[in-house]
Structure formats: C-alpha cells, structure tokens
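Chemist: Quick one, fold the following:
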Amino acid sequence: MRASVLLLSYSSVATQGTCGQAPAISATTPELYFRAAPSTQLFSLGDTVVIGLQLYSRNDQPILVSRLQGDEFVSFKVIGPDGNEVPWRAKARAGARAYSPSDFMVLGQYKQISANRIISVSDGEGFAFDKPGEYTLTAEFSMGPPENFAAFAGQAKPAMGSLDSSEVRFCIEACILEPFPVRNNALRSALDAVSVFYTYIVRYHQLGIPHGQARKALWPLMSKRLAQELDSFQACDDDYYRRFGEILRAQTYKPATPWLEDGLFTGPEDAATPRKFSILGSRSVGDNRVDVHLRFPEPENCCSKPTSYFYTEGEVTVILENGRWVVDDYIAMYENDELRRLSVGFGACKGGQWVGPIPS
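Modeler: Coordinates of the predicted model:
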C-alpha cells in the first residue's frame with residue numbers, strides 16, 4: 001500500500017458539493033465524492049495519527065463501494081515539514097486476500113459511508129511521523145477494474161476510476177507556518193522558548209488558568225514572577241468558589257471570574273482556544289528581554305471545511321532568567337481596547353482573595 005499526507009486546511013469534499021471549492025469528481029462515476037481529513041489538526045510525537053475517510057454519492061444509480069475498513073482501495077501521500085515525501089513502511093504480504101460481500105456496500109443517492117484509518121506506524125506498517133512540524137496529505141480512492149467486483153454488485157455498478165481528496169494539513173508537536181523572522185538581533189533561543197510554550201497552549205486548548213497536564217507543561221517555561229501571578233489567580237479562583245459555590249449552584253448563576261472563558265496567553269472569545277500559531281516577528285528590549293509578535297488563525301467553517309480564516313494577534317514577552325529564556329507577560333490584541341498586559345492582573349483579585357462582586 002502506498003501512502004501520503006498533506007496538512008493545513010481540512011480536505012476535500014463538501015458533503016453537498018455546494019460550499020467552498022468544488023469537490024473532486026470521478027470521470028467515470030459521476031457525483032461520487034471522496035473526502036479525507038485528520039482526526040485533529042495537532043498531534044504529539046508518538047500519537048496515533050488517524051485520518052477520517054468518507055464516500056458520498058449524489059448519483060441516482062446505486063454504486064458498489066468499499067466499506068473503507070481494510071488496507072485496500074485507499075492510498076495516501078504525505079509530504080513532511082522538510083518538503084520531502086514521507087515513505088510508507090510496509091510488510092511483506094503472503095498474497096492477495098479474497099474479498100467477501102461484507103467488504104462492500106451499495107451506496108444509494110445522498111448516502112455516505114465513513115471510516116477511520118490509522119496511517120502512523122502500527123504493527124510495522126505506516127508513516128513514521130518523527131519530525132515536528134506541518135505535514136500535508138492527499139488520499140486516493142480506487143477499486144480497480146469493475147469486473148473484479150461484479151459478483152458482489154447485484155443491481156448496482158461498482159465504482160470506476162479513481163477519486164483524489166483535496167489536500168489536508170496537520171501538525172506534529174507544533175504548527176509553525178513560517179521560518180522564524182529574527183529581527184533586531186533577537187536571540188533564536190528566545191524564539192524557541194516561545195515556540196515550545198505555545199505548542200503546549202495549542203495542544204491543551206484550556207480556558208482560564210492552566211491546570212492538570214497543561215500546568216505541568218507550562219509552569220517550568222514561565223518566569224518566577226508569572227508563575228506566582230497565576231498561582232495568585234488560582235488562589236483567588238478557589239476563594240471565589242469556596243465562598244459563593246452554593247449560591248452559584250442554587251441560583252444557576254454564571255461565575256464572574258474574569259478568566260473563566262478567556263485564553264490568558266491568547267485572548268478572549270474567538271481567540272481563546274487557537275488550533276495554530278505562527279511567529280510574525282520579534283524585537284529585543286535590552287539584553288534580557290524579547291517581545292515576540294504572534295498570530296493565531298482560526299477557520300471559519302462551511303460544510304465541514306474551512307472557507308476562510310479569521311486572525312487574532314498578540315505579543316508575548318520572554319525574559320532571560322537564571323540563564324534561560326522564560327515567558328513573563330502577554331498582551332492580547334483582540335477585544336483589548338486598553339491593551340492591558342496580563343501582568344496588570346485583575347481588579348477583582350488581590351493577594352489571592354476575591355474582592356469583586358458577590359453573586360446576587
């Protein structure tokens with residue numbers, strides 16, 4: 001089996017074929033659409049990479065298609081972060097296996113079939129995704145000569161020809177879309193620190209104060225001052241729920257903590273849980289501080305695929321502390337008219353105590 005992967009936007013075929021770019025159509029089986037999309041846009045090194053496959057028919061004639069369950073009929077092509085094709089690792093096969101009726105189904109008009117396919121190395125076969133960065137994938141569906149499947153078709157006709165999916169993109173560890181543009185002698189190590197920090201921000205998709213695995217990953221990458229500030233926010237949060245938890249539950253009030261639905265290191269509302277980030281630029285402020293300009297693209301979806309992107313931006317400050325670069329501050333550039341920095345804190349929280357409004 002041959003395989004390949006592409007990344008960045010969700011692939012291929014709109015279910016109804018009416019939104020965004022027109023889907024690929026087979027020259028021999030009209031109005032049969034094939035779609036491939038990653039289960040998520042961001043995987044960690046060592047994660048199982050899963051691609052969702054879908055066949056959708058608008059043909060008024062029944063079509064015999066594969067159930068997409070085995071390794072046959074779909075091949076992939078993957079381009080890695082270095083621009084080279086990622087080879088598919090395959091095991092020797094004993095011979096062609098015999099098909100049975102359970103391997104196929106008849107697809108009626110406006111019907112679809114979906115399946116998931118693991119494409120990372122599993123049981124000795126698959127792609128080795130061992131380099132961080134962005135990958136691009138395309139998939140091809142083809143059943144080969146229709147006469148091979150006539151015995152299973154009945155009144156239906158086997159799918160003929162081949163169908164290519166649109167390009168899709170996904171990332172391993174981080175979605176760094178451009179080379180780091182180092183300006184004004186900003187140190188590369190400072191940019192590396194930002195890249196690692198925001199890789200975790202994107203991975204854990206947490207609103208408000210990071211906790212659990214996100215906290216374990218992010219706290220060692222913060223300055224001592226910033227870690228203490230977030231610990232104070234957490235103490236304030238604990239104080240709020242300790243004092244007003246019963247009132248909130250009884251009256252079904254929405255908590256008023258200012259970090260409840262915000263991304264402290266990305267921004268509020270639409271900027272809160274980005275799926276990608278890119279570094280636009282940087283500037284040195286003295287010898288021990290670098291401000292890094294970030295952008296977060298968020299897709300505006302139509303028909304299960306992005307049709308355009310909405311961008312938010314921000315600036316993160318890294319400082320040199322104990323011989324290493326750590327994140328010390330952030331300023332969102334979305335829904336932040338006063339351009340308040342995170343280090344300013346919140347007026348409702350002082351010394352780890354809630355001094356803001358009481359639920360009523």
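
Chemist: If you count neighbours, what's buried in stretch 327-343?
Modeler: 327-332, 334, 342 (16 or more other C-beta atoms under 10 Å). Just so you know, the C-beta spots here come from the backbone N, C-alpha and C atoms, and that holds for glycine as well.

Chemist: can you tell me which of those are in strands?
Modeler: Mapping those onto strands (DSSP state E) picks out 327-332.

Chemist: What distance do you get for the spatially closest residue to D328 that is not a sequence neighbour to P158?
Modeler: Taking C-beta to C-beta, 6 or more residues apart in numbering as the measure, D328 lies nearest to S223, with 4.1 Å between them; neighbours along the chain are not counted. Counting by C-beta to C-beta, to the nearest Å, the gap between S223 and P158 amounts to 63 Å.

Chemist: who are the neighbours in contact with E140?
Modeler: By C-beta atoms under 8 Å, 6 or more residues apart in numbering, E140 lies in contact with 74-77, 162-165.

Chemist: Let me have the residues you listed in a markdown table, extended by distance to E269 and pLDDT.
Modeler: As requested, these are arranged in a markdown table below (distance: C-beta to C-beta, whole Å; pLDDT from 0 to 100):
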| residue | distance to E269 | pLDDT |
| --- | --- | --- |
| V74 | 39 | 92 |
| S75 | 41 | 91 |
| F76 | 37 | 94 |
| K77 | 38 | 95 |
| S162 | 43 | 87 |
| L163 | 39 | 89 |
| D164 | 37 | 90 |
| S165 | 33 | 88 |
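
Chemist: Kindly indicate which of the ones in strands among the buried residues of stretch 327-343 lies nearest L264.
Modeler: Among these, Y330 lies closest to L264 (C-beta to C-beta), at 6.9 Å.

Chemist: thought that closest one was touching G263?
Modeler: No - Y330 lies out of contact with G263 (C-beta atoms under 8 Å); the separation is 9.3 Å.

Chemist: Looking at the ones in strands among the buried residues of stretch 327-343, spot the one nearest L320.
Modeler: Out of these, the one with the shortest distance to L320 is D328. That distance is 9.8 Å, counting by C-beta to C-beta.

Chemist: Quick check: the closest one touching L320?
Modeler: No - taking C-beta under 8 Å as the contact criterion, D328 and L320 are not neighbours in contact, 9.8 Å apart.

Chemist: ok, back up a step: could you work out the most separated pair of the ones in strands among the buried residues of stretch 327-343?
Modeler: Most distant of those, by C-beta to C-beta, are D328 and A332, 15.4 Å apart.

Chemist: C-terminal to the helix or strand of the chain with the lowest mean pLDDT, which secondary structure element comes first?
Modeler: Least confident element among the helices and strands of the chain, by mean pLDDT, DSSP states H and E: strand 42-43 (a mean of 74). Downstream of strand 42-43, the next assigned helix or strand under DSSP states H and E is strand 50-57.

Chemist: any idea how far S223 lies from N288?
Modeler: 11 Å.

Chemist: ugh, typo on my part, it should be L163
Modeler: 56 Å.

Chemist: more crowded one of the two?
Modeler: Legend: neighbour count by other C-beta atoms under 10 Å for L163 and N288, higher for L163 (24 against 12).

Chemist: now the more buried one, what's its secondary structure?
Modeler: Taken by DSSP: H, G, I helix; E, B strand; the rest coil, the conformation at L163 corresponds to strand.

Chemist: out of everything not next to it in sequence, what's closest to it?
Modeler: F34 (3.8 Å).

Chemist: what do you get for H205?
Modeler: In space, not counting the residues next to it along the chain, H205 is nearest to T273; the distance is 4.5 Å by C-beta to C-beta, 6+ apart.

Chemist: Show me the helices in the stretch 101-250 of the chain, by range?
Modeler: Using DSSP state H, counting those that start in this stretch, the helices of the stretch 101-250 of the chain run over residues 150-153, 188-204, 212-218, 224-251.

Chemist: Tabulate the ones you listed (TSV), appending mean neighbour count and mean pLDDT.
Modeler: TSV is the format used below for the helices of the stretch 101-250 of the chain (neighbours: other C-beta atoms under 10 Å; pLDDT from 0 to 100):
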stretch	mean neighbour count	mean pLDDT
helix 150-153	14	78
helix 188-204	19	89
helix 212-218	15	88
helix 224-251	15	87
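
Chemist: Nearest to E85, out of these?
Modeler: Nearest to E85 among these is helix 188-204; the distance by C-beta to C-beta comes to 24.8 Å.

Chemist: List the contacts of that closest one.
Modeler: 42, 44, 173-176, 180, 182, 210, 213-214, 217-218, 221, 263, 265-266, 274-277, 279, 282, 290, 292, 294, 316, 318, 320, 324-327.

Chemist: mind exporting stretch 285-301 as PDB, just the C-alpha atoms?
Modeler: The C-alpha coordinates for stretch 285-301 follow below in PDB (Å, rounded to 0.1, in the frame of the first residue of the first chain):
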ATOM      1  CA  VAL A 285      14.400  45.300  24.500                       C
ATOM      2  CA  GLY A 286      17.800  45.500  26.100                       C
ATOM      3  CA  ASP A 287      19.900  42.300  26.600                       C
ATOM      4  CA  ASN A 288      17.400  40.300  28.700                       C
ATOM      5  CA  ARG A 289      14.000  40.800  27.100                       C
ATOM      6  CA  VAL A 290      12.500  39.900  23.700                       C
ATOM      7  CA  ASP A 291       8.900  40.800  22.700                       C
ATOM      8  CA  VAL A 292       7.500  38.300  20.100                       C
ATOM      9  CA  HIS A 293       4.600  39.100  17.800                       C
ATOM     10  CA  LEU A 294       2.200  36.100  17.400                       C
ATOM     11  CA  ARG A 295      -0.700  35.300  15.100                       C
ATOM     12  CA  PHE A 296      -3.500  32.800  15.600                       C
ATOM     13  CA  PRO A 297      -5.500  31.700  12.600                       C
ATOM     14  CA  GLU A 298      -9.000  30.300  13.200                       C
ATOM     15  CA  PRO A 299     -11.000  28.800  10.400                       C
ATOM     16  CA  GLU A 300     -14.500  30.000   9.500                       C
ATOM     17  CA  ASN A 301     -16.100  26.700   8.600                       C
END
